[in-house]
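K.L.:
What shape does this take:
(2 chains)
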Amino acid sequence: MPWLPKKTVVVPVDFSDNSLPAMEAALELVASPGEIHAIYVMAELSERDPGVIWGTIDDAKRTQNAKESLEKAFSDAKFQGFTPVVRIGDPGNEIVEYAQDAGADLIVIPSRGRTGLDYLLLGSVAERVTRLAKCPVLVLRG
Amino acid sequence: MPKIRKALTAFSITTLLAIVFYVALNAAIAQTTEQDTAGNQQPAEESPDPDGGAQKDANNKTDDANQGGEETEEPKKLSAWEKQIKRIDDWFKTYLVEPSNAFLGFDFGTGKFSTENGKKRSDTSVPFIVAWLLAGGVFFTLRMGFINVRAFWHAIRLTKGDYDDPAEQGEVSHFQALSSALSATVGLGNIAGVAIAVGLGGPGAVFWMIIAGIFGMSLKFAECSMGQIYRKIAPDGTVSGGPMRYLKDGLAEYRLGAIGFVLATIYAFVCLFASFAGGCMFQVNQSMNAINAQILEVAPGAKYVDLIYGGIMVVAVGLVIIGGIKRIATAASVIVPFMCGMYVLVSLYILLTNSDEIGPAFGTIFRSAFTMESIYGGFVGVMVIGIKRAVFSNEAGTGSASIAHSAAKTDEPISEGIVALLEPFIDTIVVCTMTGLVIVITGVFDTETNPAMATYIDAQNGAALTTAAWRSQVPWFPWLLCLAVVLFAFSTMISWSYYGERCWSHLFGARTSLVYRIIFLGFVFLGAVATATNVVNFSDNALMALAIPNIVGLVLMSGKLRGKLDDYWTRYKNGELEPATKYGKK
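P.N.:
Just a heads-up that it's a prediction; the model follows:
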């Protein structure tokens, strides 16, 4: 019995080991995988990247590649029908913005728990999402 | 339209921040110079009478700084602006150049064996860092079984695209990766640096540059192969690699994770400084000198060239790195191979019109490579200068190029390392030798026949020397040189700001990269106003310091690299890599 029938759940994916458990956790909450939106946020590409300079890579191509990567990472039958989403920018902001646009009812996000210097300098995406989100956020402890 | 607006907003923010940066810098300098003048007012500085215990240290430091500049300094009246510049320059020297000199310039006491009679015109001892780089080059040449010689033809075929397969992972082709890396390496080091080497070390320096170039090929092979082996391919298909990555991940495989982490962090940190120095200040400074020398020739007494040129460069670089205008970056990078060709053609023209002097020039170069003439600091002095300028130009051993090379499309890491060994060849053995020969043949380095050049040499103003050499052949040639110099400087800055930014995001994350870009612009301006000697010294130190963590890591992992190379080479020799066999092409 799903917790959230006919609701939209956004799952931020960074392709780390925590991503699969997060998708599985989301699966338990929804009626069908079609309600899961897996979002991957890429950093903006430097205009000085060799690929940009030589015109061999652009945002459209990157989005295409990233979508394929998402589909490949969650190719298991149980995930069939999820929506792969790719955005460019700051992960925290983009995730929250997308959740709002898609009218999400819940964000399921793994927390990698950076510690020490990394935490001070980089902060945590989960923390940022929790702070900015307009909908409930489920933070998974990893 | 929103793009333009975004660029404009970003630009105005930068200008504002640049002003804040400038004011802050000034405040810092004001503090130093206050102490400085306090020290200067005491004429009998050597007497053991320091004024106040707290200021003792600061006085000693600034005192050293003053002694260096005393010979050329005249007690003439300076304008307010010039005073300001001098203050910036002194601050720069005391806080950035001298501390780094103390470490990297450590010469194991070899200084006392150097020739001392006559005017000391160059380094006459073997600084630690030069010995380190030479040892690194020789080590990898031997460890990789003379890869620089045996893989040369294969490198050309790889670059031609004979082995390219579009299905392989990566961003750009072998040729494109090589061009991108070259746009960072071919810069003012090839034009100004070589002239400085010949000016200070005599014609023999060219010989040692070529030697350093040959050994550098093996180092470049090692670092770029490692960059490819440990590169990361993101889910969106973009690639990131470089010394920060192979030092960290590579050494972790040897259970040296902690050492790898430390080395990678040091590397990324030093690389930031290298990008500000050799990748930025040196380029602005020396290209400004070339243009200044030419403008003064046409309009004697022209003022504020440094200020105007610095301003224009800040705007031009800012448009790309903050405004995000891709087209300028692309145009600058794509034009580099053509400029490189133009430079070589003009140099060849000068050499051919003086063809009867080429033989004797080579004779002079070889003879004076082992000279004992004290004017050039003797045999050791010539060698040190040659190696230093060669490494500064081709960056072999510093690992920087592996950031660009790791973007190459290939499933064979070794193949990109082999392509990369062409880089020191093109940069040093071809382009630098051209500059060197032109300087030697036109004789501008010889202060006895060209006394006017002595000031340029003393001030390490290499670009002005090359300009003079070109002018002595055809009066309008220097204009071509100015064009080449500006484009080289620009493209090198663009590429190096990319390297630096990669290191910045390794350290502080990608979100704050705007901070890096603004600091970078600050250094563009600083490069235009600081004196050449300080800029050259700081650039040398920052760039060459990269070789310490990089070569330590590479040597530790050299066994693995040799294994991969042998595997690749066997397959190559067996014809397994030929496109026809591998992909069933043609």
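K.L.:
Poorly predicted segments of chain A, please.
P.N.:
Per-residue confidence for chain A (pLDDT under 70) gives these ranges: A:1-6, A:113-123, A:142.
K.L.:
Up against chain B, what does it have?
P.N.:
A:15, A:40, A:42-57, A:61-63, A:65-66, A:69-70, A:73, A:86, A:90, A:121-122 (C-beta under 8 Å from any C-beta of the partner chain). C-beta: built from backbone N, CA, C; applies to glycine.
K.L.:
List the ones among the residues you listed that fall in strands.
P.N.:
Judged by DSSP state E, the subset of the residues of chain A next to chain B located in strands is A:40, A:42, A:86.
K.L.:
Ranking by neighbours, what's the top pick from those residues?
P.N.:
A:Tyr40 (26 neighbours; other C-beta atoms under 10 Å in any protein chain shown).
K.L.:
Tell me the bridge partners for that one.
P.N.:
Assessed by DSSP bridges, A:Tyr40 has beta-bridge partners A:Val86.
K.L.:
Tell me the one among the ones in strands among the residues of chain A next to chain B nearest to chain B.
P.N.:
If you rank those by distance to chain B using C-beta to the nearest C-beta, A:Met42 comes first, at 5.1 Å.
K.L.:
contacting residues for the closest one?
P.N.:
Each residue near A:Met42 by C-beta atoms under 8 Å, 6 or more residues apart in numbering or on different chains is listed here: A:62-63, A:66, A:86-88, B:234-236, B:238.
K.L.:
Among those, which one sits closest to B:Ser218?
P.N.:
Comparing the contacts of A:Met42 against B:Ser218 with C-beta to C-beta picks out B:Thr238 as the nearest, at 29.3 Å.
K.L.:
returning to that earlier point: hmm, which of the residues of chain A next to chain B are the buried ones?
P.N.:
Neighbour-count burial (16 or more other C-beta atoms under 10 Å in any protein chain shown) applied to these gives A:40, A:42-43, A:45-54, A:56-57, A:62-63, A:65-66, A:69-70, A:73, A:86, A:90.
K.L.:
Which of those fall within helices?
P.N.:
Counting by DSSP state H, those place A:50-53, A:62-63, A:65-66, A:69-70, A:73 in helices.
K.L.:
Which other helices and strands does whichever strand or helix holds B:Leu561 contact?
P.N.:
Taking DSSP states H and E as the definition, B:Leu561 sits inside helix B:558-573. With contacts taken as 3 or more C-beta pairs under 8 Å, 6 or more residues apart in numbering or on different chains; DSSP states H and E, helix B:558-573 sits against helix B:128-143, helix B:204-229, helix B:413-420.
K.L.:
what comes up buried for that helix?
P.N.:
Applying 16+ other C-beta under 10 Å to helix B:558-573 flags B:558, B:561-562, B:564-565, B:568-569, B:571-572 as buried.
K.L.:
Relative to the whole chain's centre, how far out is that helix?
P.N.:
Mean-position distance between helix B:558-573 and its chain equals 30 Å (C-alpha atoms, centre = their mean, to the nearest Å).
K.L.:
So what touches that helix?
P.N.:
Contacts with helix B:558-573, where a contact means C-beta under 8 Å, 6+ apart, come from B:139-140, B:143-144, B:147, B:154, B:222, B:225-226, B:229, B:250, B:253, B:412-415, B:554, B:577.
K.L.:
These, buried ones only, as a PyMOL selection?
P.N.:
The buried subset of the contacts of helix B:558-573, as determined by 16+ other C-beta under 10 Å, is captured in PyMOL by this line:
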select buried, chain B and resi 139+140+143+144+147+154+222+225+226+229+250+412+413+414+415+554+577
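K.L.:
Chain A next: which of the contacts of helix B:558-573 are close?
P.N.:
The subset of those lying close to chain A, counting by C-beta under 8 Å from any C-beta, is empty.
K.L.:
how about the residues of chain B that lie near chain A?
P.N.:
Applying C-beta under 8 Å from any C-beta, one finds that chain B approaches chain A through B:171-173, B:176-177, B:180, B:234-239, B:320-321, B:324-326, B:329-330, B:333-334, B:404, B:407, B:494-495, B:497-498, B:501, B:507-511.
K.L.:
Let's see that with 7 Å instead.
P.N.:
Contacts of chain B with chain A, taken as C-beta under 7 Å from any C-beta of the partner chain, map to B:171-172, B:176-177, B:180, B:235-238, B:320, B:324, B:326, B:329-330, B:333, B:404, B:407, B:494-495, B:497-498, B:501, B:508-511.
K.L.:
Out of those, list just those in helices.
P.N.:
Counted as lying in helices by DSSP H, out of those, are B:176-177, B:180, B:320, B:326, B:329-330, B:333, B:404, B:494-495, B:497-498, B:501, B:508.
K.L.:
Give me the buried positions along the helix or strand containing B:Ala155.
P.N.:
Element membership for B:Ala155, per DSSP H and E: helix B:152-160. Under the neighbour-count criterion of 16+ other C-beta under 10 Å, helix B:152-160 has B:154-155, B:158-159 buried.
K.L.:
what do you get for stretch B:183-192?
P.N.:
Under the neighbour-count criterion of 16+ other C-beta under 10 Å, stretch B:183-192 has B:183-192 buried.
K.L.:
can you redo those residues as CSV with distance to B:Gly359?
P.N.:
Output for those, formatted as CSV (distance: C-beta to C-beta, whole Å):
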residue, distance to B:Gly359
B:Ser183, 34
B:Ala184, 35
B:Thr185, 30
B:Val186, 28
B:Gly187, 30
B:Leu188, 29
B:Gly189, 27
B:Asn190, 24
B:Ile191, 24
B:Ala192, 27
